[in-house]
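Undergrad: what's the 3D shape of this:
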Amino acid sequence: MRLGMRAWILIAALVSLPCAAGFRTARATGTEAEKVPPVDPAPCLAAITGNDEDRIMVACGALIDNDKTAKADRLKALIARGEVLARKDQTDRAIADYDAVLQLDPTLADIFNARGELWWKKGDRPKAVSDFAAALKLNPDHPAARAN
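TA: Numbers count the residues shown, from 1 in each chain. All right, here's what the predicted structure looks like:
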């Protein structure tokens, strides 16, 4: 019985060896990852221009998820997707997109106001008031933030 168990262990080791070696070889070349072309923002920007909510969700989502996306393009995509999510009553996801926008550019009074309106809708008055105040600090004449 011991000889049988050793044989199984030896067979398992021999079978897994070529697989492990193959994975190492595949990782060793690694130059394919460097040759990935930069992401094309055109489909997302076209969807935004056309105000096509379904295309915004798909095209801009792909743009947002790509690490090679330029900051300006990521901002546009996040704002557009956040607006669509807010219209679809997906408040938490919209707030998350606006959080990401404000991490990239904390000077956007309109986004503070929009996020504040979402917090208000969720019933979180302190966060809403904080966002409205941040919008007014950035732009004291912001009409929507002043009204809120």
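
Undergrad: can we go C-alpha only for contacts and neighbour counts from here?
TA: OK.

Undergrad: Residue 148 touches residue 130, doesn't it?
TA: No. Using CA atoms under 8 Å, residue 148 is not in contact with residue 130, being 11.2 Å away.

Undergrad: Show me this protein divided up by domain.
TA: 2-27, 106-148 (automatic domain parsing).

Undergrad: Pick out the shakiest of those domains, pLDDT-wise.
TA: Note on the domains of the chain: domain 2-27 shows the lowest mean pLDDT, a mean of 49.

Undergrad: can you pull the contacts of residue 52?
TA: Going by CA atoms under 8 Å, 6 or more residues apart in numbering, residue 52 touches no other residue.

Undergrad: Then the one 3 residues further on?
TA: When the contact criterion is CA under 8 Å, 6+ apart, the partners of residue 55 are 44, 47.

Undergrad: Secondary structure element for it, which one?
TA: For residue 55, the enclosing helix or strand under DSSP states H and E is helix 53-55.

Undergrad: right, and the helix or strand after that helix?
TA: Past helix 53-55, the next helix or strand by DSSP H and E is helix 61-65.

Undergrad: all helices of the protein, in order?
TA: With DSSP state H, the ranges of helices along the chain come out as 2-29, 31-34, 42-50, 53-55, 61-65, 71-87, 91-104, 109-122, 125-138, 143-147.

Undergrad: Quick one: neighbours of the closest residue in space to residue 84 that isn't next to it in sequence, just the number.
TA: Leaving aside its chain neighbours, residue 84 sits nearest to residue 53 (6.2 Å; criterion: CA to CA, 6 or more residues apart in numbering). Residue 53 has 18 neighbours, counted by other CA atoms under 10 Å.

Undergrad: Could you check the pLDDT of residue 53?
TA: For residue 53, the model assigns a pLDDT of 90.

Undergrad: Would you quantify the distance from it to residue 46?
TA: According to CA to CA, to the nearest Å, residue 53 stands 11 Å off from residue 46.
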